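1. Following is a predicted model, sequence given first.
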Amino acid sequence: MSEKRKNRIDLIEEKFESLKKKRWAKGVRITSGVIWNLFLLFLVFGLTIGVFAASVGAGYFASLVAKEPLRSKTEMRGDIFNYEETSEIYFANDIYLGKVSADIERKETTLKDVSPFVIDAVLATEDEYFKTHNGIVPKAIFRGLFQDVTNSSSQTGGSTLTQQLIKNQILTNEVSYERKAKEILLAMRLEHFMDKDEILEAYLNIIPYGRNAMGQNIAGIETAAEGIFGVKAKELNLPQAAYIAGIPQAPFAYTPFLSNYYGGGLKKEENIKPGIDRMKTVLFRMKETGYITEKQYEEAIAYDITKDFREKTERATERYPYLTQEIQERTKDILAGILAEKDGIDADRLGEEKKLAEKYRILAERDMRTGGYRIYSTVDKDLYDGMNKVAEEYENYGFTYTREEKDISTGEVIMKDDPVQVGAIMIENKTGRILSFVGGRDHNLENTNHATMAFRQNGSSMKPLLVYAPAIEYGVIGAGSPVVDVKFEVPDNGKIWAPTNYNANVENGIIPARQALAESLNLPTARLYKEIVDRRPAEFLEKMNFTKLTEGDYVHLSVSYGGMDVGVSVEENTNAFATFANGGKFIQSYIIERIEDMSGNVVYEHEIEPVDVFSPETSYIVTDMLRDVIKPGGTGQQLPGFMNFKTDLAAKTGTTNGYGDAWLVGYNPNVSMGLWFGYKDQKRKLYTRKSGAMHPTTRTTMLFGRLMNKANEIKPDIVGAGSTFKQPEGVVSKAFCGISGLAPSAACTSAGLVRSDLFNSKVMLPTEPDDSIINASYVSVKGSRYMALPSTPAEFIVSGGTGVNQAFIDRMLGPWGGDASKLFPSMSVFASSVVSGATFPADDAAPAGVSASLNGSTLVWSDSPSNDVIGYYVYRNNERIATIVDGAANSIPVGPGDYFVRAVDITGLLSGGSNIVIVDNPEPPQTETPDDENSPPPPPGNEGDGDEDGDGTNGNENNGGTNGNNGNNGNNGNGNNGNGNNGGGNKPPADDDEDDD
């Protein structure tokens with residue numbers, strides 16, 4: 001068998017050899033040899049070129065990534081998980097308010113809180129091989145490279161989810177081979193440091209998803225779900241998930257919403273269609289890759305996704321523009337300090353070095369917008385909503401002007417409204433929490449927060465803070481100590497300073513300090529400030545954090561009633577008054593309760609740090625004095641009528657010069673509230689006396705009452721209407737001589753001048769007996785009372801009265817002096833007891849004469865122009881027949897004869913005789929005194945002249961009392977009952993004052 005087989009082989013070989021000898025076989029052999037050799041040649045050449053190209057490619061790739069640092073696991077994970085999450089802000093009690101203003105909104109979530117449909121849609125669309133690759137898919141990379149080299153119109157992309165994560169979190173969107181090479185390298189490295197679920201979760205948190213319904217840019221699946229469909233990411237159904245998963249390929253083409261430049265809201269139908277088509281593509285890919293069934297696909301395709309799109313809503317910055325702005329600004333300040341501290345920079349340097357502060361404010365702003373903080377405020381939502389609604393509906397702000405303003409975008413000059421602006425704030429006394437505020441009338445019109453950022457002169461609301469409280473603290477006065485309301489002229493700051501009260505004609509003389517404060521009188525306030533200004537009482541303002549104080553504010557006398565160089569905010573002014581409510585401890589107001597990072601760690605929490613300013617005794621006494629402001633006679637007397645509940649309230653009004661500003665600040669034991677009115681253009685005035693408009697103090701008082709009513713309605717527990725101020729043991733009520741403030745003497749007691757009021761027993765009690773009282777006689781000169789001179793004719797003198805000595809007068813008028821006759825004018829509370837108060841500066845010249853005439857059977861004559869006239873002598877046939885004292889009528893009934901009149905001055909000198917009036921045959925004068933029942937009543941005085949509030953009916957400030965009878969009481973005509981030249985009756989103060997100069 002083997003032999004036979006061998007023979008066959010031999011036969012085949014022989015056959016092959018015979019064929020080789022033929023001519024055609026020879027040609028085939030040569031051709032095949034050539035082909036084989038050529039194949040071997042090309043194989044070697046191809047391998048050589050391949051190795052060379054690979055080497056070049058590897059070298060080029062190495063050169064592209066040569067500068068990329070070798071990142072550690074910690075560094076890479078830190079960069080990947082460093083999400084720029086949008087910070088959120090909250091009302092008090094952790095009530096969500098909204099997000100801070102940011103270029104892009106993002107909210108972090110976890111994979112377990114994401115719908116499975118989303119995960120399937122993303123994998124089917126963006127990275128089919130995600131679960132099996134090691135960061136890259138080589139064929140996808142080569143496909144993308146080939147398309148790029150050939151400039152193919154079809155760009156399918158080749159980036160895995162890992163590569164996209166690297167691009168967004170570590171690298172940039174730069175289009176270059178270098179970036180792509182780094183992306184490939186880092187993607188493969190990241191796969192060693194993170195598991196697939198971590199990579200997928202990070203991707204879903206960072207990827208951009210277009211815009212939300214409000215037109216804001218959004219990123220992250222949670223933000224997309226809420227912003228586009230108004231649901232949580234875990235609640236997304238299949239069509240919604242497919243729609244969102246399709247957006248990242250072209251975020252702003254596929255998003256259904258307009259940008260906030262166009263106001264947000266849905267695009268037109270034709271512009272929504274590309275996003276819907278993209279959703280259908282995603283659904284097809286999910287079906288093709290087996291993530292959904294054919295039935296699910298058909299149902300999803302038929303689903304009307306447009307009905308799920310979220311309707312446009314206002315952002316927090318639109319719903320609460322003043323509030324979100326305020327919270328953000330204060331958050332920046334806090335974070336700037338934290339960032340500076342991390343860099344080893346003392347926080348005090350930020351207040352001293354402007355450029356350094358600016359740098360850290362910029363860093364803080366970035367950190368706030370992208371740090372994912374939870375910012376918790378002190379503002380009560382219900383209070384804020386309620387109070388701002390009251391302010392919005394208030395109808396008595398006043399006239400709205402217009403002003404020219406240049407449009408920033410076009411450069412055109414446009415007309416813009418300039419309404420009366422308002423700022424109000426409510427602060428919790430014991431904590432300093434800002435409970436609510438009113439920032440202005442219209443944020444679009446004027447975005448300044450007038451409760452916190454507008455600085456204006458505070459008018460008479462300065463008086464208790466800078467003058468009366470310090471004076472009590474220093475032991476200069478008690479609540480009822482006498483102060484002097486008499487005019488003066490003194491040099492101040494290079495000019496003559498001659499202030500007046502609100503009613504420039506009124507000088508009340510010596511009055512209690514509490515009356516001067518309640519009626520907000522400028523003259524006694526300025527005189528009192530003069531006594532203490534050398535002690536620099538403005539340092540009390542410094543302790544209460546008045547941030548805009550200048551050196552001039554420590555020394556200029558007009559600051560005593562609000563004439564500051566720069567001014568104070570409503571918050572600062574109100575916060576200062578809360579010091580009285582806190583027993584003299586200043587507690588800084590604040591609006592940021594705490595700040596937490598994304599992990600819930602507290603990075604900032606407010607701490608209360610009380611500052612001792614005034615003693616509890618001083619604080620209570622000032623509070624008791626300010627209670628009088630809202631009682632009859634006080635400048636805020638209308639306030640109780642505007643409030644529908646009662647509480648232990650102390651308050652102070654204020655207006656600035658020419659009514660540029662109007663203030664009202666009030667507090668009870670629990671809360672303090674301040675209110676301000678004014679125009680943006682400070683040259684505009686809230687009021688002119690002939691305008692017929694409601695007085696500014698009435699306007700502020702009315703709104704203040706309504707705001708308090710609303711606050712008490714909404715949060716009665718916070719307002720605490722039933723709480724009362726407790727009197728410290730050191731506050732005592734002591735008797736004193738009302739005109740001097742000294743302890744009562746026998747003379748003071750017998751004159752009926754003893755008063756009692758509150759004192760701070762730790763610094764001041766009236767112990768030294770009064771020595772000012774003397775028995776004296778007086779004479780009237782043009783309505784003012786002066787001590788009679790030895791040469792004064794006895795018939796003009798009123799004897800046996802109570803007077804004061806010159807030492808007392810000098811002490812009370814002080815270095816600024818003044819008209820001593822004004823110390824006890826007719827409207828003074830002491831006028832009925834003290835009848836003489838000054839020595840008239842007499843001269844040696846005889847008074848000027850008068851002219852006489854006949855009016856029927858009555859002789860009348862003019863007033864002498866001389867200023868020292870105490871009355872007149874009337875002569876008939878050269879014999880003196882009558883003495884007419886100052887204040888009585890210049891007339892007398894006459895019979896037949898020749899008459900003339902001579903003026904008499906305080907020294908007894910006489911004028912020349914008047915012209916002679918001849919009476920030939922007058923009707924006989926009535927000599928019988930009529931019965932009392934039939935006698936006509938005395939002419940009434942004018943009522944309410946000069947009452948700026950329009951609510952006074954008793955008391956003409958200039959024109960005499962209610963029973964201002966200037967009638968003739970017999971021949972001597974003393975007219976003591978009702979001399980009305982300087983005003984009388986019960987004068988209700990119209991408002992407080994013309995405050996600053």
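-> Happy to help now that I have it. Since this is a predicted model, take the numbers as computed values, not measurements.

2. Can you give me the buried ones in stretch 298-310?
-> 300, 303, 305, 308-310 (16 or more other Cβ atoms under 10 Å). Backbone N, C-alpha and C define where each C-beta goes, glycine included.

3. Filter those residues down to just the ones in helices.
-> Ala300 (DSSP state H).

4. need the buried residues of stretch 298-310 in a markdown table with pLDDT and distance to Phe759, can you?
-> Shown next, in a markdown table, are the buried residues of stretch 298-310 (pLDDT from 0 to 100; distance: Cβ to Cβ, whole Å):
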| residue | pLDDT | distance to Phe759 |
| --- | --- | --- |
| Ala300 | 95 | 85 |
| Tyr303 | 96 | 83 |
| Ile305 | 96 | 79 |
| Asp308 | 95 | 74 |
| Phe309 | 95 | 73 |
| Arg310 | 92 | 67 |
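
5. quick one: which of the buried residues of stretch 298-310 is nearest Val622?
-> Arg310 (55.2 Å; Cβ to Cβ).

6. How much space separates the closest one from Glu85?
-> 20 Å (Cβ to Cβ, to the nearest Å).

7. What of Leu335?
-> 15 Å.

8. low-confidence ranges in the chain?
-> For the chain, applying pLDDT under 70 flags the ranges 1-34, 36-37, 40, 44-70, 141-158, 172-179, 408-409, 836-837, 921-997.

9. SS state for Thr907?
-> coil (DSSP: H, G, I helix; E, B strand; the rest coil).

10. who's in contact with it?
-> Counting by Cβ atoms under 8 Å, 6 or more residues apart in numbering, Thr907 makes contact with 789, 791-792, 842-844, 868.

11. For Thr883, see how far away it is.
-> For Thr907, the distance to Thr883 (Cβ to Cβ) stands at 16 Å.

12. May I ask which helix or strand encompasses Ala140?
-> helix 138-149 (DSSP states H and E).

13. what's downstream of that helix, the next helix or strand?
-> Downstream of helix 138-149, the first helix or strand assigned by DSSP H and E is helix 161-169.

14. contacts for that next one?
-> 79-80, 82, 122, 126-127, 130, 135-136, 159, 173, 179, 182-184, 186-187, 190-191, 199-200, 202-203, 206-207.

15. Stretch 621-636 now?
-> Defining contact as Cβ under 8 Å, 6+ apart, one finds that stretch 621-636 is touched by 460, 464, 468-469, 472, 478-479, 513-515, 517-520, 580-581, 614, 637, 639-640, 648-653, 664, 666, 697, 701, 725, 731, 758-760, 986, 988-989, 991-992.

16. what do you get if the cut-off is 6 Å, keeping everything else the same?
-> 464, 469, 472, 479, 514, 517-518, 520, 580, 639-640, 650-653, 701, 725, 758, 988-989, 991-992 (Cβ atoms under 6 Å, 6 or more residues apart in numbering).

17. same question, stretch 124-140
-> Looking at what lies outside stretch 124-140 - Cβ under 6 Å, 6+ apart - the contacts are 123, 158, 160-162, 184, 187-188, 191, 245, 282, 285-286, 289, 291.

18. Check which residues of that stretch are buried.
-> Here stretch 124-140 shows 124-128, 130, 133, 135-137, 140 as buried, counting by 16+ other Cβ under 10 Å.

19. returning to what we had before: from the contacts of Thr907, list the buried ones, please.
-> 789, 792, 842, 868.

20. Which ones among the contacts of stretch 621-636 map onto helices?
-> Mapping the contacts of stretch 621-636 onto helices (DSSP H) picks out 469, 472, 514, 517-518, 580, 639-640, 701.

21. Can you tell me which of these lies closest to Ile916?
-> Taking these together and measuring to Ile916 by Cβ to Cβ, the closest member is Ala518, at 55.3 Å.

22. Can you give me the neighbour number for the closest one?
-> 25 (other Cβ atoms under 10 Å).

23. related to what we said a few turns ago, make JSON lines from the buried ones among the contacts of Thr907 and add distance to Asp920 to it.
-> What follows is the buried ones among the contacts of Thr907, written out as JSON lines (distance: Cβ to Cβ, whole Å):
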{"residue": "Leu789", "distance to Asp920": "41"}
{"residue": "Thr792", "distance to Asp920": "37"}
{"residue": "Ala842", "distance to Asp920": "40"}
{"residue": "Asp868", "distance to Asp920": "36"}
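
24. Ala451 and Thr698, how far apart?
-> Counting by Cβ to Cβ, the gap from Ala451 to Thr698 is 21 Å.

25. higher neighbour count, the two?
-> Set Ala451 next to Thr698 and count neighbours by other Cβ under 10 Å: Ala451 wins out with 26 against 21.

26. State the helix or strand in which the more buried one lies.
-> Assigned by DSSP H and E, Ala451 falls within no helix or strand.

27. quick one, what contacts it?
-> Ala451 makes contacts with 423, 425, 437, 439, 570-571, as judged by Cβ under 6 Å, 6+ apart.

28. which one of those sits closest to Glu358?
-> Glu571 (23.2 Å).

29. Am I right that the closest one is in contact with Ala454?
-> No. Applying Cβ atoms under 6 Å as the test, Glu571 and Ala454 come out as separate, 9.8 Å apart.

30. What ranges does the stretch 151-300 of the chain have for its strands?
-> Taking DSSP state E, counting those that start in this stretch as the criterion, the stretch 151-300 of the chain contains strands spanning 208-211, 217-219.

31. and the longest one, which strands flank it?
-> Right, the one you point to is strand 208-211. strand 217-219 (antiparallel) (DSSP bridges).

32. Mind listing what's buried along the strand it pairs with?
-> Neighbour-count burial for strand 217-219 [16+ other Cβ under 10 Å]: 217-219.

33. Then stretch 110-123?
-> Residues of stretch 110-123 classed as buried: 111, 114-115, 117-123 (neighbour count, 16+ other Cβ under 10 Å).

34. Now for the residues you listed: which two are most distant?
-> Distance extremes for those: the farthest pair is Leu111 and Ala121 at 14.3 Å, using Cβ to Cβ.

35. Ile95 is nearest to which of the strands of the stretch 151-300 of the chain?
-> Among these, strand 217-219 comes nearest to Ile95, with 23.2 Å by Cβ to Cβ.

36. Could you list the residues in contact with stretch 308-319?
-> Identification of contacts with stretch 308-319 by Cβ under 6 Å, 6+ apart yields 97-98, 101, 213-214, 229-230, 256, 264-265, 324.

37. do you know how far Gln727 is from Thr623?
-> With Cβ to Cβ as the criterion, Gln727 and Thr623 are 10 Å apart.

38. Between those two, point out the one with more neighbours.
-> Taking other Cβ under 10 Å, Gln727 and Thr623 do not tie; Thr623 has more neighbours (23 against 16).

39. three-state assignment of the more buried one?
-> helix.

40. do you know how far it is from Glu617?
-> Remark: distance between Thr623 and Glu617 (Cβ to Cβ) = 11 Å.

41. Which parts of the stretch 651-800 of the chain are strands?
-> 661-667, 671-679, 731-737, 754-760, 773-781, 784-787, 798-804.

42. With the stretch 801-950 of the chain instead?
-> 852-855, 858-861, 869-876, 879-885, 891-893, 897-905, 917-919.

43. what lines up beside the fifth one in the sheet?
-> Same thing as strand 891-893. Sheet pairing for strand 891-893, using DSSP bridges, gives strand 858-861 (antiparallel).

44. Can you give me the buried ones in the partner strand?
-> For strand 858-861, a neighbour-count test (16+ other Cβ under 10 Å) marks 859-861 as buried.

45. same thing with stretch 871-887?
-> Across stretch 871-887, burial judged by 16+ other Cβ under 10 Å covers 871-876, 882-887.
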